[in-house]
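Chemist: Predicted model and sequence follow; I will ask about them next.
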Amino acid sequence: MNPSSAESAKRGISFIVNGEAKKVLAHPMERLLDVLRNNLGLTGAKEGCGEGECGSCAVLLDDMLVNSCLIPIAQANGASVVTIEGMSAHSLMKPLQESFLECGGAQCGICTPGMILAAAHLLDKKLDPTLADIREGLAGNLCRCTGYMQIFEAVAKAARRRVTQ
Amino acid sequence: MRADPADYRLVSPGNLLGALSLLASEPAQWLPIAGGTDVMVLYSAGKLTNRNLIDIWNIPELRQIEVFPDRISIGAACTYTVLRQHEIVSREFSLLATAASWTGGIANQNRGTLGGNIANASPAADSLPALLVYDAVLTLISVRGERRVPYRTFHTGYKQTILAADELILNISLPRRFSKYFSHARKVGARNAQAISKVCLAALGQVANGAIRDVRLALGSVAPVPLRLNETEKMLTGKEIEPSLIDAARKSVLKEIRPIDDIRSTARYRSAVACNLVTEFLAKLAAEGAAA
């Protein structure tokens, strides 16, 4: 293999996106975020900072919360990806959605898909999270509108709602 | 300007030998990428000069943690999440588990790896002072074979290491002899989460009969490399912790560190904080010794 021939070839990437098998043709270093948005039309994941600081591009990759701006598409080959669009089928979506609405947890909406996915990732692991757990679970998601308190309250409320439902 | 993915290649050998063979075939041409939390940031900003990348994320030999009676061996591609959740790491190497919890948010902890933190060689990396005080030993591997090196010899200058162009870090080995030590970790940054440290400290100590029997101090972000405070440790060993000793320790810390002004802080602030963190540790160690 000669690295001096710089042009890389596109290759077939097969993965599961929101429960459906997908195949795309992409350069291996294309970012998962761009493939989701440009090739698959899933624009729920947003590009905020583009350097893994803000969490607005967060998705679940094999059930792990990741920033999709930091994932080369070749590393998603064979994996299962869940974006905010796929969360409608998730049992936590209803309590999270209702709580975010009631608590005013969303304003401009850019951070919301990442916030919901980070919250779902946390609530999947912790049945009854403390405020410290919630703060830590959402620490990688930046919001410039709400001031966070409404968001933390919404996640706490969703956790209680799930327990009682 | 944003990078064009067509200019980059990424090969996924899927096994250790394949990755090592590729590294050896064209030395210095290939850059390993694991979780991508450093490499992809450079790439997105159009600043990644290496055009050929080897994917080492899914190589089983780099992902395992082995526990032996006298040591624990951590695969270089173990993530911060894995470290935080590991029973022995959290019980016996709390400085490392704590540093893992400081490193980025959950999404980055799910991808960032200990080996990546070492190879990236930032003097501000939160997990590296812990490795210094725990006397970590690295196993480096290439097609030429393996070599074991004390971690304290790994960094030779700012972002300079002894890792050869054809080598990978295979694992990080920590001796299991510090579980009885008093341990203290502290990070000072602009924000608790997701902020790179201005200064961070990892410290271990033991007090016996009112005197310091053993003490281990390491700081991040105060020198071109993660820094073990060898001279200060020597000066403290065998002494009783009292105000005059703390004054002497502060003077010694200032002699050992080489802080700079940069985007996150100033040399002056870092000097003051470094001294304060060591003072805080010694006060806690003294209280611990008095209680024991």
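Modeler: Cool, got the structure.
Chemist: So residue A:126 sits against residue A:133, correct?
Modeler: Yes. Using CB atoms under 8 Å, residue A:126 is in contact with residue A:133, at 5.7 Å. Glycine gets a C-beta too; all of them are placed from N, C-alpha and C.
Chemist: Tell me which of the two has more neighbours.
Modeler: residue A:133 (17 against 13; other CB atoms under 10 Å in any protein chain shown).
Chemist: what separates the helix or strand that one falls within from the chain centre, distance-wise?
Modeler: For residue A:133, the host element (DSSP states H and E) is helix A:131-137. Remark: helix A:131-137 is offset 17 Å from the chain centroid, using CA atoms, centre = their mean, to the nearest Å.
Chemist: which residues sit against that helix?
Modeler: A:118-119, A:121-122, A:126, A:129, A:152, A:155-156, B:101, B:106, B:193 (CB atoms under 8 Å, 6 or more residues apart in numbering or on different chains).
Chemist: List the buried residues for it?
Modeler: By 16 or more other CB atoms under 10 Å in any protein chain shown, the buried positions in helix A:131-137 come out as A:133-137.
Chemist: Likewise for stretch B:44-57?
Modeler: B:44, B:48, B:50-57.
Chemist: Tell me if it is near chain A.
Modeler: Yes. Under the criterion of CB under 8 Å from any CB of the partner chain, chain A is reached by stretch B:44-57 at B:44-45, B:51-53, B:55, B:57.
Chemist: Residue ranges of each domain in the chain, please.
Modeler: Picking chain A for this. A:11-86, A:90-164 (automatic domain parsing).
Chemist: other chain: chain B
Modeler: What automatic domain parsing lists as the domains of chain B is B:5-55, B:60-175, B:184-291.
Chemist: low-scoring stretches of the chain, by residue?
Modeler: You didn't pick a chain, so chain A it is. Applying pLDDT under 70 to chain A flags the ranges A:1-7, A:165.
Chemist: wrong chain, I was asking about chain B
Modeler: In chain B (pLDDT under 70), the answer is B:192-194, B:292.
Chemist: Helices of that one, start to end?
Modeler: Using DSSP state H, the helices of chain B run over B:16-25, B:39-44, B:80-85, B:87-92, B:94-102, B:106-109, B:114-120, B:128-133, B:230-236, B:243-256, B:267-291.
Chemist: Packing partners of the fifth one?
Modeler: Looking back up the chat, that one is helix B:94-102. Under the contact definition 3 or more CB pairs under 8 Å, 6 or more residues apart in numbering or on different chains; DSSP states H and E, helix B:94-102 sits against helix B:80-85, helix B:87-92, helix B:128-133, strand B:182-188, strand B:199-208.
Chemist: Could you list which residues are in contact with residue B:234?
Modeler: With the criterion set at CB under 8 Å, 6+ apart, residue B:234 makes contact with nothing.
Chemist: Please tell me how far it sits from residue B:184.
Modeler: Residue B:234 is 19 Å from residue B:184, where distance means CB to CB, to the nearest Å.
Chemist: Could you pull out the helices in chain A for me?
Modeler: Going by DSSP H, chain A shows helices at A:32-34, A:93-103, A:112-125, A:131-137, A:149-164.
Chemist: Ok, which of those helices comes nearest residue B:125?
Modeler: helix A:131-137 (19.9 Å; CB to CB).
Chemist: what's around the closest residue to chain A within the stretch 1-150 of chain B, how many residues?
Modeler: Using CB to the nearest CB, the closest approach of the stretch 1-150 of chain B to chain A is made by residue B:105 at 1.9 Å. Neighbours of residue B:105 under the rule other CB under 10 Å: 24.
Chemist: Could you pull up the residues touching the residue most central in space within chain B?
Modeler: Chain B has residue B:128 as the residue nearest its centroid, 1.4 Å off, counting by CA atoms, centre = their mean. By CB under 8 Å, 6+ apart, the contact list for residue B:128 reads B:117-118, B:218, B:220, B:226.
Chemist: Those residues of chain A touching chain B, which are they?
Modeler: So far as CB under 8 Å from any CB goes, chain A lies against chain B at A:1, A:3, A:6-8, A:26-31, A:50-53, A:55, A:58, A:64-67, A:69-72, A:74-75, A:77, A:118, A:121-122, A:135-141.
Chemist: that older thread, I'd like the domains of chain B as a markdown table, with distance to residue A:46 appended.
Modeler: Formatted as a markdown table, those follow (distance: least, CB to CB, whole Å):
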| stretch | distance to residue A:46 |
| --- | --- |
| domain B:5-55 | 15 |
| domain B:60-175 | 14 |
| domain B:184-291 | 17 |
